[in-house]
Structures are given as structure tokens and as C-alpha cells.
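Structure, please.
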Amino acid sequence: MESQNEVIYIVDDDFRVRESLTELFASYRRNVMSFASGMEFLNFSRSDANACLILDLRLPEMNGLELQHVIEAETVLPIIFITGDGDILSSVTAMKAGAVEFLTKPINERALLSAVSDALAKDRIARQNAAEREKILVRYNSLTPRERQVLPLLIRGLLNKQAAGVLGIAEYTIQVHRGRIMKKMQVDSFAELVRLATKLNVDTVKAS
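Just a heads-up that it's a prediction; the model follows:
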């Protein structure tokens, strides 16, 4: 597992659990930060680093599921739930909401390490995709309003003549826009243009 610039957060009101897990990950030279409550975690200013969260289901004031809901409304952070009881309903709720794993105490060390590896990998990929999307968005924002009208029509597979009919402009003008769009989006093929537009969820319906 990569360790540089990666953080494992632990939220559990049981000091013994926090201490045990911290020692476990420290033995693997992992960066660990622990918190006794959901509010303590939320009030902490987290760094912009690849991370995951090991979260106790049963917490005072704000339980794990409630904290998961708050976190997901603000950012993407892979969560591994741990609990002292086998609450099937809660585990189903947590997994449906995107949790990476749901483990019962006493925690199986191998299962936890595997879950953390999966969670960090998931966050790493999400960050890479977000960075790529941001670069694509910069290109998209360089398009003129008219070019942004033309792009969805092209992605839908309309011919230049058909796109021109939708927008009420000359076919030649569509050809010019198409060339400029390809240049500004920095692509060499239409297939690549479609891929980038898909990543941005370019509206292919309300294009006219």
C-alpha cells in the first residue's frame, strides 16, 4: 500500500479501539488520525490528501450513519464501518450509501487491512478522475455559447446538416464550429471528443 500523502482517519468513542487501530496502522507506517466523536472529526480541518475513514456505527450524539450522510453531502471519502454488533439493517443502509466495508468487532486484522487498501485505492482513483475532469472543464469553458450548443448535437450523432437545421444556421457554420470545438477541447478524434463530453455529462437533450 502507498503511504505517502495518505491518511487513515478513525472515529470511535472507545479509546482502546482508537489506540489499538492506531498502533496497528503505525506498524505499517501509515499516517493515522483518530477522533472520539463525529463532531470532533467534522470540526477538524482535513488536508487535501488521499484518505479513508474507519467509522464506528454506534457513537454518542451523532451516530455513524448520520456522520456518513453529512460527509457525503460535502465530499467524497471512502468509509469502512466497524461495530460491536451485527446490525444487518444498518450494514445494508451503510453499504447502499456507498460504504466500502462493514466489519464487526473484534476486528479481523487482515479484513481491515484489505478494506483500507480498497478504500484508499478507491479514493485515489476518484481524485485522479476529479483532476482529469477539472482539466476537461477548463477546455469546455473556453468554448463560446454557440459552440456549447453545437457540442451536444454532435455528441448525439447528428450530421452537420441536421445540427444546422436544429440551430437554424448554415451547414458550413456547423463545420467551422466543429473544427474549433475539436481544437479547443484538444482532441484528435471524434471518439475522444465523445469521451470527454461524457465525463462532463454534457447535456445531450436540452441542446437547442
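
Tell me how far the worst-scoring helix or strand of the chain on mean pLDDT lies from the chain's centre.
Taking mean pLDDT, DSSP states H and E as the measure, helix 88-96 is the helix or strand of the chain with the lowest mean score, a mean of 76. A distance of 20 Å separates the C-alpha centroid of helix 88-96 from that of its chain, computed with CA atoms, centre = their mean, to the nearest Å.

ok, now stretch 172-187?
Distance of stretch 172-187 from the chain centroid (CA atoms, centre = their mean) equals 31 Å.

what's it in contact with?
Taking CB atoms under 8 Å, 6 or more residues apart in numbering as the criterion, the residues outside stretch 172-187 that touch it are 136, 139-140, 142-143, 146-147, 150-151, 154, 160-161, 163-164, 167, 188, 190, 193, 196. In this view, the C-beta of every residue, glycine as well, is placed from N, C-alpha and C.

and the least confident helix or strand of the chain, what does it pack onto?
helix 64-74, strand 79-83, strand 101-104 (3 or more CB pairs under 8 Å, 6 or more residues apart in numbering; DSSP states H and E).

List the buried residues of that helix.
Of the residues in helix 88-96, those scored as buried under the neighbour-count criterion (16 or more other CB atoms under 10 Å) are Ser90, Ser91, Thr93, Ala94.

Setting aside sequence neighbours, what's the nearest residue to the residue lying farthest from the centre of the chain?
The centre of the chain is farthest from one residue, Ala170, which by CA atoms, centre = their mean lies 41.3 Å away. The shortest distance from Ala170 to any residue other than its chain neighbours is 6.1 Å, reached at Ala164 (CB to CB, 6 or more residues apart in numbering).

Okay, that neighbour and Thr22: tell me how far apart.
Taking CB to CB, to the nearest Å as the criterion, Ala164 is separated from Thr22 by 64 Å.

Compare neighbour counts for these two and give me the winner.
Neighbours per residue (other CB atoms under 10 Å) separate Ala164 from Thr22, with Ala164 holding more: 20 against 16.

check contacts around that one.
Taking CB under 8 Å, 6+ apart as the definition of contact, the neighbours of Ala164 are Ala170, Glu171, Thr173, Ile174.

tilt between the biggest helix by length in the chain and strand 79-83?
Secondary structure of the chain per DSSP state H: the longest helix is helix 109-141. What separates the directions of helix 109-141 and strand 79-83 is an angle of 150 degrees, with axes from the mean of the first three to the mean of the last three CA atoms, to 10 degrees.

For helix 109-141, buried residues please.
Burial within helix 109-141, assessed by neighbour count using 16+ other CB under 10 Å, is assigned to 112-113, 115-116, 119-124, 136, 139-140.

Closest one to Phe81 out of these, please.
The shortest distance between Phe81 and any of the buried residues of helix 109-141, using CB to CB, involves Ala115 and amounts to 9.6 Å.

how about that closest one, what does it touch?
In this structure, Ala115 makes contact with Ile80, Val100, Glu101, Leu103, judged by CB under 8 Å, 6+ apart.

Tell me how the protein divides into domains.
Structural domains assigned to the chain are 6-129, 142-199, following automatic domain parsing.

Run through the protein and note the low-pLDDT ranges.
Counting by pLDDT under 70, the chain contains low-confidence residues at 1-4, 86-88, 203-208.
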